[in-house]
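Participant: sequence first, then the predicted structure, then my questions.
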Amino acid sequence: MTILLDELVKDEKKIDRSLYSSGPYWNYKNKKTLSEIKKKGLKDFRGISSGIGTSYADNVVLDIRNEFNIKGRIVGKIFSLPMLNTIFSSQIKLTKNYIESYIRNQSIVYQNNENVKNLIKKYKFYNTTDFGCFQKFKNLNTEYSCHYLKMADRIDKLSNIFNFKEINSFFEIGGGFGANIHFLITNFSNIKKILYLDVVPNIFVGTEYLRYFFKDNVKDYLQLKDLNNIKFSNNNELEILCIPPWLLEKVDTKIDHFHNASSFVEMPKHVVQNYVKFVKKFQTKEISLISYDSFDLKTTLNPEKLNEFFNEKLKISWKDFLIKEYEMKEIYLTFKNL
């Protein structure tokens, strides 16, 4: 496991960062994630004692001192002095109580929500709370990840536009820790060929998460980096190719469906343009982009502007979040080659 991570980190230093950088939104987050992985490994990375999945997984940050940047770490060290640490530790215990109370209330909301009940009836949810998932709820003695229900809701909404039962190859950029891919493969056995791309070290987390479920069907960076051409095998076996951004130049394939949720708006424009170039190169038949509605133009793009990268071909719609009572909306940008 450490060999894969070390190789990813080493090779990332050699790449053209103008095209394959994660951008200012993610640069610090990635450094912190890497540090957390080296300290704690992936055990319970979806819990409350790990900062590994901050912003792309479903963990809950309990100790804010783990989130400080370089300047903030000086403050963090001050708060770690014996007297202040005693006060801070007491506050953490109180915060934990509040978080646990929030999770209990969230569980009640999910247990009684009609949308959630319908999704549980309609789709399969296997092993969605592994790796210490904290944000979960029970239904008929089965535990469900709240995060997976959000993924299921998105796919369910997209199913009104696309027929996922006819998709064979799927390409996702910025797939978080792999939950969406796991959910899709679990529910659509016809999806056999997956191209899964994310930045370092997130791609390491996603690779190991998917390998946990799909074993040798996952091909990691060590297996792919020295190939001249990266292609799907010409068979009907499940194949998940996990690559960092710079390996995209070696990929030679056609894609049925391309998906991105949230991360395009968190990238510099020229980085998005480069990715879109490959989406077009792969003769992609269908496109689905999803983004949150609360964006900050200092660090993120206006999601409606993403259509410009696709020559205004995407259809734009705003849809309610899974739990309507939260009064949140997400923007969907879709394209289907008829």
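Facilitator: Thanks, I have it.

Participant: from here on, just use CA atoms for contacts and neighbour counts.
Facilitator: OK.

Participant: helices of the stretch 51-200 of the chain, start to end?
Facilitator: When assigned using DSSP state H, counting those that start in this stretch, the helices of the stretch 51-200 of the chain occupy the ranges 70-79, 82-112, 114-122, 146-158, 179-187.

Participant: nearest residue to the spatially most central residue of the chain in space, please, no chain neighbours.
Facilitator: The chain has Gly176 as the residue nearest its centroid, 1.4 Å off, counting by C-alpha atoms, centre = their mean. Across the structure, with C-alpha to C-alpha, 6 or more residues apart in numbering as the measure, the residue nearest Gly176 apart from its sequence neighbours is Tyr56 (4.8 Å).

Participant: tally of neighbours for the one you found?
Facilitator: Taking other C-alpha atoms under 10 Å as the neighbour definition, Tyr56 ends up with a count of 16.

Participant: that one against Gly178, yeah?
Facilitator: No. Applying C-alpha atoms under 8 Å as the test, Tyr56 and Gly178 come out as separate, 9.8 Å apart.

Participant: so Lys277 versus Lys269, what's the distance?
Facilitator: Relative to Lys269, Lys277 is positioned 12 Å away (criterion: C-alpha to C-alpha, to the nearest Å).

Participant: same check on Leu94?
Facilitator: Leu94 sits 42 Å away from Lys269, taking C-alpha to C-alpha as the criterion.

Participant: higher neighbour count, those two?
Facilitator: Comparing Leu94 with Lys269 by other C-alpha under 10 Å, the one with more neighbours is Lys269, at 15 against 12.

Participant: so how far is Glu308 from that one?
Facilitator: Using C-alpha to C-alpha, we find Lys269 at a distance of 11 Å from Glu308.

Participant: got it, and Asn115?
Facilitator: 33 Å.

Participant: so these two - more neighbours on which side?
Facilitator: Taking neighbours as other C-alpha under 10 Å, Asn115 and Glu308 compare with Asn115 leading, 15 against 11.

Participant: correct me if wrong: that one contacts Leu322.
Facilitator: Yes. Because the distance of 7.0 Å satisfies C-alpha under 8 Å, Asn115 is recorded as touching Leu322.

Participant: in three-state terms, label Leu248 for me.
Facilitator: Reducing the assignment to helix, strand or coil with DSSP: H, G, I helix; E, B strand; the rest coil, the entry for Leu248 is helix.
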